[in-house]
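Novice: Have a look at this prediction, sequence included:
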Amino acid sequence: GSYGSRSTSGARHARLRGGLIITQVAVSLVLLAGSGLLIRSLANLERVSAGFDPGRVLTARVDLNWTRYDDAAATARFYRAVEERLHGTPGIEAAAFASSFPLNGSAAARIGIVVDGGDAPADAGSIGVNSVSSRYFAALGIPILRGRAFTDADGATDVPAAIVLTSASARRLFGDDDPIGRRISSDGGQSWGSVIGVAGDMRQQLEGDFEAMAFVHQHRIRDIQSRLLVRGSLNPAQLEQAVRAAVAQVDREQPVTDVRTIREFRDAALAPRRTIALVLGAFAALALLITAVGVAGVIAFAVAEREREISIRIALGATHAGVFVLMVRQAATLTAAGLVLGLALALLATRLLGSLLFNVPAADPLTFLTVAVLLLVVALGAGAAPALRALRTEPVRALR
């Protein structure tokens, strides 16, 4: 009676241990798959081209006091004076002001556009708009693909507005036609601007597509909230010092705030994903370790229970390899069951990460296969250690 109860109790405990291992493998797979998808997504985002050269570019907020800069001419004089001082500073290649810039963490302002098609203007929908000074494209390293960039003469208010489009906006507004010299309007056709150039496409946000944009010269309008962009061979601290000195020479009361490189904006955009990937990866590593310890423990317990059987098999001529496979088969069976359960759970769980993924499907086969192989190798390796120790036991000693 007591033997039967011990046998029943042992079987129940074995099933419980097996269930725990299956659960551990399944949880490990879910966490590893999630962190793997986030790491692949991060790698894809790191490789994304924003359409311009963000290296060696410093940005700073220069928001003018509206009571002292109360018309477009006054703001234009300030911006032009600061730019001239910066261009006279050794180590600075280009400086420009703009209402916005790529990778700044927010979408560009949008306006409705109509295209002059001859008899009647055609509604072309809305595109992003940015007011920039003459050397904006040089400061960001954005190529001019057709036509020309702005000159200071384009900032005059007594001539028709000059417009620079990105390739995406030129294709949307004019298709395959040459856009240079064509006219567009943002007020329903009451006033017109002429397209003078087409610039390379750029991304306002890393996750987004190349945005259709139109650029107008900043000196034509009273834009008192602006970003100063400076490209140079100096380090960021030296660039900041040059910026503050140039602004102070023009207006000692004008504050300069939020001084950052564009690379810092890019890193800030990726920071939430990096943090989530790091936390999920830490939990996945811990789960993998717990799984390995659990599998090793189950196999060690099974070996201890079957030590006499193992010794008899070896004494009767069974090969060490055959006995080893017999002992590790339990680890393989439990791991396989955990992988099946884990894959099913992971397919559901990774859908929650959809908004954090970039160019990686939530059910990415490569990530799931890699994680499953990793778990199988770790589990079999953990189970192999106690099995190998059992084979080193002398059969006669075990039988005695």
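Specialist: Sure thing, it's come through.
Novice: Number of residues surrounding residue 47?
Specialist: The number of residues packed near residue 47 is 8, by other CB atoms under 10 Å. All C-beta spots, glycine's among them, are computed from the backbone N, C-alpha and C.
Novice: With residue 344 instead?
Specialist: Neighbour count of residue 344, defined by other CB under 10 Å: 13.
Novice: how close does it get to residue 368?
Specialist: 11 Å (CB to CB, to the nearest Å).
Novice: Now for these two: what residues contact both?
Specialist: Common neighbours of residue 344 and residue 368, counting by CB atoms under 8 Å, 6 or more residues apart in numbering, are absent.
Novice: Stretch 345-365: which residues count as buried?
Specialist: Of all the residues in stretch 345-365, those buried under the rule 16 or more other CB atoms under 10 Å are 346, 349-350, 353, 356-358, 360, 362, 364.
Novice: The biggest strand by length in the chain - contacts with which helices or strands?
Specialist: Counting by DSSP state E, the longest strand found in the chain is strand 122-132. Other helices and strands packing on strand 122-132, by 3 or more CB pairs under 8 Å, 6 or more residues apart in numbering; DSSP states H and E, are strand 92-98, strand 109-115, helix 167-174, strand 213-217.
Novice: so which of these gets nearest residue 293?
Specialist: For the helices and strands packed on strand 122-132, proximity to residue 293 was assessed by CB to CB; helix 167-174 is nearest, at 54.2 Å.
Novice: Any buried residues in the closest one, and which?
Specialist: Per 16+ other CB under 10 Å, helix 167-174 contains these buried residues: 167-174.
Novice: Would you give the sheet partners of the next helix or strand after it, along with the direction of each?
Specialist: For helix 167-174, the following helix or strand on the C-terminal side (DSSP states H and E) is strand 183-185. Note on strand 183-185: by DSSP bridges, its sheet partners are strand 109-115 (antiparallel), strand 193-199 (antiparallel).
Novice: I figured residue 257 hits residue 60, correct?
Specialist: Yes - counting by CB atoms under 8 Å, residue 257 touches residue 60, with 7.1 Å between them.
Novice: more crowded one of the two?
Specialist: More neighbours surround residue 60 than the other of residue 257 and residue 60, with 20 against 8 (other CB under 10 Å).
Novice: Which strands and helices lie in contact with whichever strand or helix holds the more buried one?
Specialist: With secondary structure defined by DSSP H and E, residue 60 is part of strand 57-63. If you count contacts as 3+ CB pairs under 8 Å, 6+ apart, strand 57-63 packs onto strand 225-232, helix 236-250, strand 257-261, helix 262-305.
Novice: Redo those as JSON lines? Include mean pLDDT and distance to residue 79.
Specialist: Below are the helices and strands packed on strand 57-63 laid out as JSON lines (pLDDT from 0 to 100; distance: least, CB to CB, whole Å):
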{"stretch": "strand 225-232", "mean pLDDT": "93", "distance to residue 79": "7"}
{"stretch": "helix 236-250", "mean pLDDT": "94", "distance to residue 79": "9"}
{"stretch": "strand 257-261", "mean pLDDT": "93", "distance to residue 79": "16"}
{"stretch": "helix 262-305", "mean pLDDT": "83", "distance to residue 79": "20"}
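Novice: Tabulate the ones you listed (CSV), appending distance to residue 81.
Specialist: Compiled in CSV, those are given as follows (distance: least, CB to CB, whole Å):
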stretch, distance to residue 81
strand 225-232, 12
helix 236-250, 5
strand 257-261, 19
helix 262-305, 24
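Novice: Tell me which of the ones you listed sits most buried.
Specialist: strand 225-232 (a mean of 21; mean count of other CB atoms under 10 Å).
Novice: the inter-axis angle of that one versus strand 122-132?
Specialist: Angle, strand 225-232 to strand 122-132, by axes from the mean of the first three to the mean of the last three CA atoms, to 10 degrees: 70 degrees.
Novice: which secondary structure element contains residue 164?
Specialist: For residue 164, the enclosing helix or strand under DSSP H and E is strand 161-166.
Novice: Name the strands paired with that strand and say parallel or antiparallel.
Specialist: strand 193-199 (parallel), strand 213-217 (antiparallel).
Novice: mind checking which of the ones you listed is nearest residue 109?
Specialist: Closest among the strands paired with strand 161-166, using CB to CB: strand 213-217, at 10.3 Å.
Novice: Now do that closest one and helix 167-174, the angle between them.
Specialist: Orientation check (the same axes, to 10 degrees): strand 213-217 against helix 167-174 gives 100 degrees.
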